[in-house]
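**Q** here is my input; please provide its structure:
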Amino acid sequence: MIVSPCLSTEVEVGPATPPEVRMKAWDQHVKLRESSIFKDVEWTAVGPRIQGGKIESVWSVKKRKSTLYCGSGSGNLWKSINNGTTWKPIFESESTSSISVVTVSDKDPNLVWVGTGEPHMARSSFAGTGVFKSTDAGGTWQNMGLNDTHHIGRVIIDPKDDDVVYVAALGHQYTYNKQRGVFKTTDGGKTWKKVLFISEKVGVVEVAIDPFDNKTLYAVAWERDRKAWNNVVAGPGSGIYKSTDAGETWKLLTKGLPTGEKVGRMGITIAPSNPNVLYLICDHRGVGGEVYRSDDKGESWRKTHEGNVKTGIGYDFCLIRVMPDNEDEIFIVGFNLLYSPDAGKTQSIISERTVPMLSYKARRATPHCDNHDMFIDPDDSDRIMLATDGGLYLSHDRAKTWLHVNTLPIAEFYAISVDAREPYKVWGGTQDNGILGGEAKPMVLGEEHWYWSHGGDNYVTLIDPKRS
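**A** Predicted coordinates:
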């Protein structure tokens, strides 16, 4: 029994559905799909696309530069083989549509790993069903387990051995559980070992591996407690852990870093040009977003700036990236995208202009807010991909200008309705993308037939039934 601080009443919080029950329900769904009298009915995608949608992860394949992957928080995994011009959904028949992270081997472009369950832990975040693996570039998938993790923050492949994979798991959204922390496989996902576990209240949202020393790892632990009536996003269990023996043992890094009940979500990155240099972005409750730097592989840290950073950092966006060719040039990926040329000392929004693939009236000067992932090409720092609540953005000039790839039909609708027109239009409110309405007709490449009203979260959208 838990006492609600808002309602002052006792609320019974039941356990999460066991993973074996969830997977059994999925097996029943598959059987029904094969035997249903409606199995031959063809569905037609009608959109919308113009607004973009919540994207959690992006990846560009090292040995096939024109092949891109894009994982939507509630709308499938998408693949492009022509550098983002056209896209195809490739995760249509799996047990979840909530993609948290996609990772491709640098050595084998056909080896793709996907983590499921949105990692930013909002009320609308869907739980996933573990990790999936493809050995044919997304043609087919195999569920590799960890079904009770619910929300996965990161999947990384050992740069020297494709059979070694690490998974950062957040665990259940509304309840506590033991399947959280860092998991490791040495046999390509056949078996897993939990190599870092703090407590049933503390999950791991990020894990990074030293590109020059595959035995050195860093993990970001995050203590949080979400309830329907409350959201605790910080706690003393939050912290940075380091391993120098491929995950067998870990130590907590504290020198120069904030600790205690006000430490929330954090993000960590390693400078590709100098692995001694690490950056950390921290959601420090009561203080604001803070950037820390280490020049000795995390043994000691220093804050890089005065005050807090110039954008929101929180439980649903907290990421930092460093340019592959300059250890002092970083991006702070939060509510807005910030750039710093001096290791975080100063920060500014540098995105000068955004050009959409599908035109819309209210053109934004900068990319959409709420940034969830950023991929910088390790071989070409001018080439950057940005994942936001408003879709995918591509840059080929070091993030000065952006192409808004608003051609993916991944709007997350809270509710839809229809009007009384002939032909009728479908209307709905979306997650962080305003109100949309359009005719229920097939999509045409390069064209859009939906109306878009800018705004944040919109829910029920009703049209006057007397209006023709």
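
**Q** what's the neighbour count on the closest residue to Val277 other than its chain neighbours?
**A** Counting by Cβ to Cβ, 6 or more residues apart in numbering, the nearest residue to Val277 once its immediate chain neighbours are dropped is Ala271, at 3.9 Å. C-betas here are computed from N, CA, C, even on glycine. If you count neighbours by other Cβ atoms under 10 Å, Ala271 ends up with 23.

**Q** sec struct for Lys24, please.
**A** Lys24 falls in the helix class when you classify it by DSSP: H, G, I helix; E, B strand; the rest coil.

**Q** count of residues packed around it?
**A** Lys24: 11 neighbours (other Cβ under 10 Å).

**Q** tell me where the model's unsure across the stretch 301-450 of the chain.
**A** Residue ranges of the stretch 301-450 of the chain with pLDDT under 70: 351-352, 361-365.

**Q** what are the pairing partners of the host helix or strand of Thr103, and which direction each?
**A** Secondary structure assigned from DSSP states H and E places Thr103 in strand 99-104. Strand 99-104 pairs in its sheet with strand 112-116 (antiparallel), by DSSP bridges.

**Q** how far does the strand it pairs with sit from the chain's center?
**A** In terms of Cα atoms, centre = their mean, to the nearest Å, the centre of strand 112-116 is found 11 Å from the chain centre.

**Q** equivalent analysis for stretch 212-229, please.
**A** Distance of stretch 212-229 from the chain centroid (Cα atoms, centre = their mean) equals 14 Å.

**Q** please apply the same query to stretch 60-75.
**A** 13 Å.

**Q** can you check stretch 116-132 too?
**A** That offset, for stretch 116-132, works out to 9 Å (Cα atoms, centre = their mean).

**Q** that stretch spans what distance, first to last residue?
**A** 8 Å (Cα to Cα, to the nearest Å).

**Q** residues of it that come out buried?
**A** 116-122, 125-132 (16 or more other Cβ atoms under 10 Å).

**Q** go on, stretch 151-165?
**A** So for stretch 151-165, counting by 16+ other Cβ under 10 Å, buried means His151, Ile152, Gly153, Arg154, Val155, Ile156, Ile157, Asp158, Pro159, Asp162, Val164, Val165.

**Q** quick check: the closest residue to Phe317 other than its chain neighbours vs Gln142, distance?
**A** Closest residue to Phe317 apart from its sequence neighbours, by Cβ to Cβ, 6+ apart: Gly334 at 5.1 Å. Gly334 sits 35 Å away from Gln142, going by Cβ to Cβ, to the nearest Å.

**Q** grab the nearest non-local neighbour of Val304.
**A** One correction, residue 304 is Thr, not Val. Nearest to Thr304 is Gly344, by Cβ to Cβ, 6+ apart, at 3.3 Å.

**Q** pull out the CA atoms of stretch 53-69 and give them to me as PDB.
**A** Below are the C-alpha coordinates for stretch 53-69, written out as PDB (Å, rounded to 0.1, in the frame of the first residue of the first chain):
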ATOM      1  CA  GLY A  53       7.200  12.400 -34.600                       C
ATOM      2  CA  LYS A  54       9.000  11.200 -31.500                       C
ATOM      3  CA  ILE A  55      12.200   9.500 -32.500                       C
ATOM      4  CA  GLU A  56      14.400   7.900 -29.800                       C
ATOM      5  CA  SER A  57      17.400   6.600 -31.800                       C
ATOM      6  CA  VAL A  58      19.200   7.100 -35.100                       C
ATOM      7  CA  TRP A  59      22.200   5.300 -36.700                       C
ATOM      8  CA  SER A  60      24.200   5.500 -39.800                       C
ATOM      9  CA  VAL A  61      26.000   2.300 -40.900                       C
ATOM     10  CA  LYS A  62      29.800   2.600 -41.000                       C
ATOM     11  CA  LYS A  63      30.400   0.400 -44.100                       C
ATOM     12  CA  ARG A  64      27.200   1.500 -45.900                       C
ATOM     13  CA  LYS A  65      27.000   5.200 -45.400                       C
ATOM     14  CA  SER A  66      23.800   5.600 -47.300                       C
ATOM     15  CA  THR A  67      22.000   3.200 -45.000                       C
ATOM     16  CA  LEU A  68      20.300   4.800 -42.100                       C
ATOM     17  CA  TYR A  69      18.100   3.500 -39.200                       C
END
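
**Q** count of residues packed around Tyr69?
**A** Neighbour number of Tyr69 under other Cβ under 10 Å is 25.

**Q** where does it land on pLDDT?
**A** You'll see Tyr69 listed with a pLDDT of 98.

**Q** beta partners for it?
**A** Note on Tyr69: beta-bridge partners Trp59, Lys79, judged by DSSP bridges.

**Q** so who does it touch?
**A** Shown in contact with Tyr69 (Cβ atoms under 8 Å, 6 or more residues apart in numbering): Ser57, Val58, Trp59, Ser60, Val61, Leu77, Trp78, Lys79, Val102, Val104, Val112, Gly138.

**Q** mind saving the C-alpha coords of stretch 259-275 as CSV?
**A** The C-alpha trace of stretch 259-275 is given here as CSV (Å, rounded to 0.1, in the frame of the first residue of the first chain):
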residue,chain,number,x,y,z
THR,A,259,25.9,13.2,-5.2
GLY,A,260,22.8,12.8,-3.1
GLU,A,261,19.0,13.0,-3.4
LYS,A,262,19.0,15.8,-6.0
VAL,A,263,21.0,13.9,-8.7
GLY,A,264,18.7,12.9,-11.5
ARG,A,265,19.3,11.5,-15.0
MET,A,266,22.8,11.9,-16.6
GLY,A,267,24.4,11.3,-19.9
ILE,A,268,28.0,10.4,-20.6
THR,A,269,30.2,10.4,-23.7
ILE,A,270,33.8,9.6,-24.6
ALA,A,271,35.9,11.9,-26.9
PRO,A,272,36.7,9.7,-29.9
SER,A,273,40.0,11.6,-30.5
ASN,A,274,41.1,11.3,-26.9
PRO,A,275,39.5,8.6,-24.7
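
**Q** low-confidence ranges in the stretch 51-200 of the chain?
**A** Those would be none, if you go by pLDDT under 70 across the stretch 51-200 of the chain.

**Q** for the closest residue to Gly188 other than its chain neighbours, helix, strand, or coil?
**A** Spatial nearest neighbour of Gly188, excluding adjacent residues (Cβ to Cβ, 6+ apart): Asp163 at 4.5 Å. Using three-state DSSP, the structure places Asp163 in coil.

**Q** then Val30?
**A** Assignment for Val30 (three-state DSSP): helix.

**Q** how close does the closest residue to Val460 other than its chain neighbours get to Gln431?
**A** Once flanking residues are discounted, Val460 sits nearest to Ala415: 4.8 Å by Cβ to Cβ, 6+ apart. Distance from Ala415 to Gln431, counting by Cβ to Cβ: 11 Å.
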